[in-house]
Structures are given as structure tokens and as C-alpha cells.
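K.L.:
Need the 3D shape of this:
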Amino acid sequence: MEPVTVGIETLEVNGDNTQEDVVTPWTVESTNETGIDYDKLIKRFGSSKVDQELLDRFEKITGKPCHHFLRRGIFFSHRDMHTVLNLYEQGKPFYLYTGRGPSSDAMHVGHMIPFVFCKWLQEVFDVPLVIQLTDDEKAIWKNLKVEDAIKLAHENAKDIIAFGFDVKNTFIFSNLEHIGTNPAFYQNMIRIQKSVTYNQIKGIFGFGDSDPVAKIAFPPTQAAPAISSTFPFIFKNDKLPCLIPCGIDQDPYFRMTRDVAPKMGFPKPALLHSSFFPALQGSQTKMSASDVNSAIFLTDTPKQIKSKINKHAFSGGQATVEEHRKLGGNCDIDISYQWLRFFLEDDDKLNELKTNYTSGALLTGELKQELIKILQEVVSSHQERRKNITDDLVKEFMKPRDLGFSSKKCV
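P.N.:
You can find the predicted model right below:
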């Protein structure tokens, strides 16, 4: 599918009220049992589909098999990913940028997706990664005290580090702590703010006249890390492109950034968009940290994981065993199967489970047991790694420093 050119004047995150799917940075809802129609969303947002041609080219250029998130369409949409592959093929540098809004002290398994993927991309391309903790955003939207938002950022940083990132090429920062010590960051925020009008911000994000001015001013803060001069201690004076893996709900921030970056003399950021990690109750909304029964948290015990999945995971099975054996289950709406697409790396095993569940040979309870087993291992392994993450290590990751990155050695 050819990408549609979407200018900043026509961007609307909220879209038309007649749309059956609502996708904004704050709300994700669908009226369909199978969740968001991602093909329609690609057309609506003007992005490009991650197709087989892109996957084949990725493997050819990198010499590495595609991550199962790519193979299974979990990262389903992109902007300028072919440009990133061109850079890598030519030996030219770029960097990775992603983020996390720390709204609770415990992250859930859905929050793992961009970080697991970023770690893989970082290893494949051997590039630096900057991770923005938008504690300022959460202080504004969640009405948190600034001090409490900073504490949550540090707790979330421990979870992020526990995914296995290397301090040598990864910089994690809290907006509330870092921006005041980095003049280049604030200067780029001002340059972006000057390039976007109040009406444009209202149109993109749907802000109303009664919203705090802090909300209106925030989008340039999320945009600034996509400009390499924001981090002079890492990139010096180089004007480098970046690749941003993120949920498709964050795309409005970076559509705005892609319009502004060339005006500032910098390349447009490229993006890889992920689909939403569904709530236990079904695919009509994404998992939420504010609803403990919609999510599996990285602090949950094996018993809690088992209980939540058995009690709350929406089933695509039939009402009785007899009906299920005869009619089979629906993997498109079954949450246990949908979650297994994220966490079960073995393609053959996943296909076997789908075949057996669809035919009725595998019952809903048995499919849930497969998921429980995997999630208990994933969460317990993470908890073991997190135990070793000290406050001092967090400080090392959050210290502004030279990551030993040079564009000259990449060319």
C-alpha cells in the first residue's frame, strides 16, 4: 500500500465521531470483538503496511531473521523503514528512540513489547538507544505530584533496565530531572513550539479550551528526542535520523515531528508501529495499569497470574465442552491465543495450538494453561533480573554521557 501524505494542517488524532474505532494517545476503543481494524487505521493515519517485501529486505540487509513481532504483524505499520534499511546498507548512522509514561510503580506485560523489540533492534543494528520517561506528562494528565511522578519514573527505569539493556549504549532519562540540566533539549523544545500553532495542536490532539496549558505545551517535549541535537553529549553536531518503535496511538506526536524536523534542518524520524496489547477482558480496548484485573503486572506472583487468566481471560470457546468439540474455538477473539502470539516464540507450536483450538481438539482451559505456564516463566525471570537493579545502576543509565558513538566510525 502506498503511503498517504498527511500534512500537519490536516492531522486529527480523534478523527470523525462516526469512526467505530477510537485511537488516541489516551484512549483506545473498538466496537468489534476482534479489536481495532489495523488496515483501516493505516489508511486513516497515512502510514505504510509492514509487508512481506519489507520483511524480506530486512532479512537480506541485516542477515538476521525477523523478530516474531514482525513476522506475526504485531509491528504492522511503518514510516520510512526502507530509508532506515538504506542507511544501514550504506553504513550510515542512526539511533533508536522510545519511551514510557510512568503512571504506576509496576509495569504490566503489555509494557514489555516496545522494550523487548527495541533491545532486539539495538542488537541487530548496533546503534545507541535513548529512552524518554515522560513523568512530566503523567504529572499533568494523572494529576500526580511532581515528586511522585519522578519516583515512578525511577521505579519504571528499574523494570526497563531488567529487560537486559547495556549501559554502554543506552541512555534513560526523566523529563522532569533531565531537561533542566540540558540546555539543548529545552532549546529544541522552543524551536518546535515556535513551529506549531495553537490551532494545529488542538486539531492534532483534540485539546479543548478548558484543558491546562501544560497539556498544550507537552507535545514538543515528546518530539524533541527525535532531533539528534537534543543530545549533544551523545551525537555531538551530527544531524542524524532516528527510528522510533512505538504503539500506533503515539503516532500523532511524531506526525507532528516529521512535519517540523525538516524546517529545523533535521531528517524526519522513521517509525515502526505496534498493535495494541489487549486487555484480559477482550480486544476492544488495550490493557490498562489502572484496572488490576485487565492486566498481568511484572510484580504478580505465579498464583495471581494463574487466577487472573483463569477468571478474566476472554474465551473464544463454546458454551459447553460438547459444543466446543463440535464447533471449535475462535482464535481471533480468544485472549489466551492473542497473548500467546506475543509471548510464544515457536511458530510451529503456535500454529499447532491454533489448529487444535480451532478444530475443538484443544479446550479453552487447556489453552489458558499454555499461556499461564509461559507468563509465569516470563514474569518470574524478569523479577529475578530486577532484584539486581540497584539505585546506583539506575543513576548510571540516567547520567548524561558520551556513549562512544561516532558517525565517522559508522560510515
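
K.L.:
Using PDB, write down the CA coordinates of stretch 174-193.
P.N.:
Presented in PDB, the C-alpha positions along stretch 174-193 are these (Å, rounded to 0.1, in the frame of the first residue of the first chain):
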ATOM      1  CA  SER A 174      13.400  11.500  33.300                       C
ATOM      2  CA  ASN A 175      12.000  14.600  31.600                       C
ATOM      3  CA  LEU A 176      11.400  16.300  35.000                       C
ATOM      4  CA  GLU A 177      15.000  15.800  36.000                       C
ATOM      5  CA  HIS A 178      17.000  15.900  32.700                       C
ATOM      6  CA  ILE A 179      15.600  18.800  30.700                       C
ATOM      7  CA  GLY A 180      16.600  21.400  33.400                       C
ATOM      8  CA  THR A 181      20.200  20.300  33.100                       C
ATOM      9  CA  ASN A 182      20.300  20.000  29.300                       C
ATOM     10  CA  PRO A 183      20.000  23.400  27.500                       C
ATOM     11  CA  ALA A 184      20.000  21.800  24.100                       C
ATOM     12  CA  PHE A 185      16.800  19.900  25.000                       C
ATOM     13  CA  TYR A 186      14.900  23.000  26.100                       C
ATOM     14  CA  GLN A 187      16.200  25.000  23.100                       C
ATOM     15  CA  ASN A 188      14.800  22.300  20.700                       C
ATOM     16  CA  MET A 189      11.500  22.300  22.600                       C
ATOM     17  CA  ILE A 190      11.300  26.000  22.000                       C
ATOM     18  CA  ARG A 191      12.200  25.600  18.300                       C
ATOM     19  CA  ILE A 192       9.400  23.000  17.900                       C
ATOM     20  CA  GLN A 193       6.900  25.100  19.900                       C
END
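
K.L.:
Buried residues, it. List them.
P.N.:
174-179, 182, 184-185, 188-189, 191-193 (16 or more other CB atoms under 10 Å). The way it works is simple: take the backbone N, C-alpha and C, and place the C-beta from them, glycine included.

K.L.:
and what of stretch 368-385?
P.N.:
For stretch 368-385, by 16+ other CB under 10 Å, it's 368, 370, 371, 372, 374, 375, 376, 378, 379, 382.

K.L.:
now swap in stretch 29-44 and tell me
P.N.:
30, 35, 36, 38, 41, 42, 44.

K.L.:
gap between the two ends of that stretch?
P.N.:
End-to-end distance for stretch 29-44: 16 Å, by CA to CA, to the nearest Å.

K.L.:
For residue 359, give me its contacts.
P.N.:
By CB atoms under 8 Å, 6 or more residues apart in numbering, the contact set of residue 359 is residue 328.

K.L.:
Distance-wise, check it relative to residue 330.
P.N.:
12 Å (CB to CB, to the nearest Å).

K.L.:
just residue 393 next, same as before
P.N.:
Taken as CB to CB, the span from residue 393 to residue 330 is 45 Å.

K.L.:
same question, residue 158
P.N.:
In terms of CB to CB, residue 158 sits 39 Å off from residue 330.

K.L.:
more neighbours, these two?
P.N.:
residue 158 (20 against 16; other CB atoms under 10 Å).

K.L.:
Enumerate every residue touching that one.
P.N.:
386, 389, 394.

K.L.:
Can you give the contact residues for stretch 122-134?
P.N.:
Here stretch 122-134 has contacts from 62, 64, 88, 93-102, 118, 121, 153, 156-157, 160, 165, 169-175, 221-222, 225, 231, 234, 403, 405, using CB under 8 Å, 6+ apart.

K.L.:
Local confidence estimate at the residue most central in space within the chain?
P.N.:
By CA atoms, centre = their mean, the chain has its centre lying nearest to residue 246, at 3.3 Å. Reading off the confidence values, residue 246 has pLDDT 95.

K.L.:
dump the residue contacts of it.
P.N.:
Residue 246 neighbours (CB under 8 Å, 6+ apart): 98, 99, 114, 254, 271, 272, 273, 274.

K.L.:
Tell me which of the contacts of stretch 122-134 fall in helices.
P.N.:
62, 88, 118, 121, 153, 156, 157, 160, 175, 221, 222, 234 (DSSP state H).

K.L.:
now these: which count as buried?
P.N.:
88, 118, 121, 153, 156, 157, 160, 175, 221, 222, 234.

K.L.:
Next, work out how far apart the closest residue to residue 156 other than its chain neighbours and residue 119 are.
P.N.:
Excluding the flanking residues, the one nearest residue 156 by CB to CB, 6 or more residues apart in numbering is residue 102, at 4.2 Å. For residue 102, the distance to residue 119 equals 19 Å [CB to CB].

K.L.:
cool, and residue 217?
P.N.:
When CB to CB is the yardstick, residue 217 and residue 119 sit 32 Å from each other.

K.L.:
These two: who's more crowded?
P.N.:
Legend: neighbour count by other CB under 10 Å for residue 217 and residue 119, higher for residue 119 (18 against 14).
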